[in-house]
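Q: Generate a structure from the sequence data that follows.
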Amino acid sequence: MAAKIFRVNMSDLSTSIEEVPAAWAGHGGRGLTSTIVAAEVPPTCHPLGVNNKLVFASGLLSGTPAANSGRLSCGAKSPLTGTIKESNSGGSSAQLLAKCGCKALIIEGQPKDDAWYSLAVTPEGVTITKEAEVVGMGNFAALEILDQRLSAKQGIIIIGTAGEMKMRSANISVKDPDGNLRSGGRGGLGAVMGSKRVKFISIDPKDGKVEIADMDKFRVANKAFAKSLIDHPVSQALGTYGTNVLVNIINESGGLPTRNFTKGQFDGHEQISGETMHDLIQERGGKVKHNCHAGCVIQCSQIYNDVKNKYKTSGFEYESIWALGADCEIDNLDQIAEADHLLDDIGIDSIETAVAIGVAMEAGVLEFGDGEGLLRILTEEVAKGTGLGRIIGGGAGDVGRAYGVTRVPVVKNQAIPAYDPRAIKGMGITYATSTQGADHTMGYTIATNILGVGGSLDPLSKEGQVELSRNLQIATAAIDSTGMCLFIAFAALDDATCLPALIDLLNACYGIELTGDDVTNLGKSILKTEHAFNLAAGFTNQDDRLPDFFSVEPLPPHNVVWDFSGEEIDTFWNF
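A: Numbering: from 1, shown residues only. The predicted structure is shown next:
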């Protein structure tokens with residue numbers, strides 16, 4: 001059975017199943033969400049208004065046995081940036097959507113009443129039901145109830161109270177195979193889901209499955225692909241220490257943003273490092289290795305327990321630990337884990353919210369290093385939607401505007417993640433030119449600037465950084481369309497068998513004959529589609545710039561500044 005488009009209109013509470021238009025057929029994941037948003041959402045519309053649409057799409061290989069193919073893409077016009085946006089997450093939902101025969105789920109319109117609703121997706125389509133029981137609850141309490149109401153095998157996509165309050169940093173959470181939460185964190189798409197008054201979506205594929213054109217060729221390709229991932233040294237480090245292996249590495253490079261981006265190294269880095277986290281997890285009976293979706297062979301997630309050996313958080317990521325830790329000068333990993341738990345419960349982006357608190361610390365709202373104060377603000381202000389809570393929930397840009405702070409690390413109003421662009425210049429190009437605001441996952445130049453993957457390029461030099469970021473952004477857009485985890489890129493850059501095996505997987509799945517050039521062209525077309533949407537929304541090349549302070553404040557220990565001209569940045573789009 002060919003996959004279809006499942007459409008939900010919340011204005012008249014109707015649903016439909018549609019054939020996939022020819023122009024959408026070759027897309028999945030991010031390629032499909034961006035294609036649909038560009039085709040159907042007016043670029044100048046209000047992101048929380050009736051004309052925005054929320055699109056969920058499984059990847060081209062989602063629902064198959066392909067290794068690491070369980071990422072779910074969610075797209076809309078972002079209420080945080082005003083740009084087109086795709087945010088993706090692990091969990092079970094991408095694979096289950098694909099097994100329902102759903103290539104994309106489009107949610108449009110807004111209810112005419114004040115009721116909340118849930119959506120139930122099956123191979124037969126979507127059912128809309130009024131929901132009252134879990135409205136107003138945090139994610140964890142809501143999941144406890146839904147676990148009793150729904151089959152354990154069903155997927156769940158849900159928003160917390162931040163999404164209900166339409167905070168511009170609200171995320172969308174996705175249940176993983178063990179019942180933990182993964183987040184489509186960036187860009188405030190949880191607020192868009194809240195504007196549609198959809199509290200959660202359940203997914204039950206029943207006996208549905210994804211048909212594969214040539215299973216024998218698929219198995220051969222998948223074996224080679226999985227081996228290339230398992231054998232890569234970066235994959236092995238991620239499986240041992242998680243993404244948090246980067247704390248010591250980036251600190252050593254002098255690019256770990258500390259105290260609201262005033263320094264490049266954090267004195268407390270050892271206390272919050274991946275190595276320290278690994279040892280605490282083992283001591284407390286957690287899990288050092290854990291997969292966020294079925295079929296992951298890297299297993300960079302983990303289960304982190306508190307001092308009483310009770311579950312606290314899962315998928316304890318480097319970017320979250322950096323933002324709550326070094327950026328706020330907090331060196332207590334248990335306080336950071338408690339904050340991560342609260343952010344998951346509230347349903348709000350851990351990068352944006354923590355960077356916003358770093359800006360609030362600069363404004364004197366609380367002291368740098370005040371972990372207890374940070375927890376209090378999350379519990380008493382953000383979770384309850386007070387005035388201060390809503391300012392912080394609106395992101396780092398809102399905090400800077402409210403308190404008159406000039407050192408606000410954002411691009412297109414989205415907080416810059418865990419790599420200072422002055423010391424790691426390739427990331428600065430990615431932050432500046434990304435179609436979706438500052439986002440390290442759009443073109444992860446850390447691979448070549450720091451880790452020596454795909455070659456080596458001096459992070460302190462301008463030479464070659466625009467080309468590096470461009471090539472990685474093109475590749476990433478294509479990877480995001482397959483449903484693959486971004487971390488396959490390390491093997492793809494270094495192992496000559498990886499990318500051909502991925503292309504073989506696509507060809508065996510669909511009975512087609514893609515080439516490497518086809519994959520590259522797919523990535524280019526996605527970037528061009530997203531860029532065109534932003535231009536139509538009113539963005540210009542002047543929005544592809546970093547904040548002024550990066551150019552005038554030298555970053556210790558290298559005492560470097562951001563030194564790219566606007567003209568140099570603009571050459572990014574010469575393709």
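
Q: can you list the domains in the protein?
A: Using automatic domain parsing, the domain ranges for the chain come out as 4-203, 214-241+421-575, 244-419.

Q: Export those domains to a markdown table and append columns for mean pLDDT and mean neighbour count.
A: Placement of C-beta: from N, CA and C, glycine included. Below are these laid out as a markdown table (pLDDT from 0 to 100; neighbours: other C-beta atoms under 10 Å):
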| stretch | mean pLDDT | mean neighbour count |
| --- | --- | --- |
| domain 4-203 | 96 | 22 |
| domain 214-241+421-575 | 96 | 20 |
| domain 244-419 | 96 | 22 |
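
Q: In this structure, where's the longest helix?
A: Longest helix in the chain, counting residues (DSSP state H): helix 516-536.

Q: now for that one, which elements pack on it?
A: helix 29-40, strand 84-89, helix 465-482, helix 498-510 (3 or more C-beta pairs under 8 Å, 6 or more residues apart in numbering; DSSP states H and E).

Q: outside of the second one, which residues touch it?
A: Applying C-beta atoms under 8 Å, 6 or more residues apart in numbering, the contact partners of strand 84-89 are 29-30, 33-34, 37-38, 71-78, 171-174, 182-187, 189, 292, 435-437, 480, 530, 533-534, 537.

Q: residue boundaries of the strands in the stretch 1-150 of the chain?
A: With DSSP state E, counting those that start in this stretch as the criterion, the stretch 1-150 of the chain has strands at 4-9, 14-18, 54-58, 72-77, 84-89, 102-108, 116-122, 125-131.

Q: Make CSV from the ones you listed and add distance to residue 345 to it.
A: Listed next are the strands of the stretch 1-150 of the chain as CSV, based on distance: least, C-beta to C-beta, whole Å:
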stretch, distance to residue 345
strand 4-9, 26
strand 14-18, 30
strand 54-58, 22
strand 72-77, 20
strand 84-89, 16
strand 102-108, 24
strand 116-122, 18
strand 125-131, 18
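
Q: Let me know the angle separating the longest helix of the chain from helix 498-510.
A: 90 degrees (axes from the mean of the first three to the mean of the last three C-alpha atoms, to 10 degrees).

Q: And the contacts of helix 516-536?
A: The contact list for helix 516-536 (C-beta under 8 Å, 6+ apart) reads 26-27, 30-31, 34-35, 37-38, 41, 43-44, 83-84, 435-436, 473-478, 480-481, 499-500, 503, 543, 573, 575.

Q: what's the closest of the strands of the stretch 1-150 of the chain to residue 321?
A: Closest to residue 321 of these is strand 84-89 (C-beta to C-beta; 17.9 Å).

Q: Most remote residue from the middle of this protein, which is it?
A: residue 216 (33.3 Å; C-alpha atoms, centre = their mean).

Q: and that residue, what helix or strand is that in?
A: When elements are defined using DSSP states H and E, residue 216 is found to belong to helix 215-231.

Q: A helix includes residue 456, no?
A: No - counting by DSSP: H, G, I helix; E, B strand; the rest coil, residue 456 is not found in a helix; it is coil.

Q: Residue 329 in helix, strand or coil?
A: Residue 329 - assigned by three-state DSSP - is coil.

Q: For it, give me its contacts.
A: So residue 329 contacts 258-259, 266, 268, 361, 368-369 (C-beta under 8 Å, 6+ apart).

Q: out of those residues, which are inside strands?
A: Among those, DSSP state E puts none in strands.

Q: Max pairwise distance over those: which two?
A: 268 and 361 (15.0 Å).

Q: excluding its backbone neighbours, what's nearest residue 208?
A: Spatial nearest neighbour of residue 208, excluding adjacent residues (C-beta to C-beta, 6 or more residues apart in numbering): residue 99 at 4.2 Å.

Q: ok, back up a step: mind putting the helices and strands packed on helix 516-536 into a markdown table with distance to residue 418?
A: Shown next, in a markdown table, are these (distance: least, C-beta to C-beta, whole Å):
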| stretch | distance to residue 418 |
| --- | --- |
| helix 29-40 | 22 |
| strand 84-89 | 17 |
| helix 465-482 | 17 |
| helix 498-510 | 26 |
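
Q: To residue 548, which of these lies closest?
A: Of these, nearest to residue 548 by C-beta to C-beta is helix 465-482, at 19.8 Å.

Q: Mind giving me the packing neighbours of the next helix or strand after that closest one?
A: Note on helix 465-482: by DSSP H and E, the next helix or strand toward the C-terminus is helix 488-494. Contacts defined by 3+ C-beta pairs under 8 Å, 6+ apart place helix 488-494 against helix 215-231, helix 233-241, helix 446-449, helix 465-482, helix 498-510.
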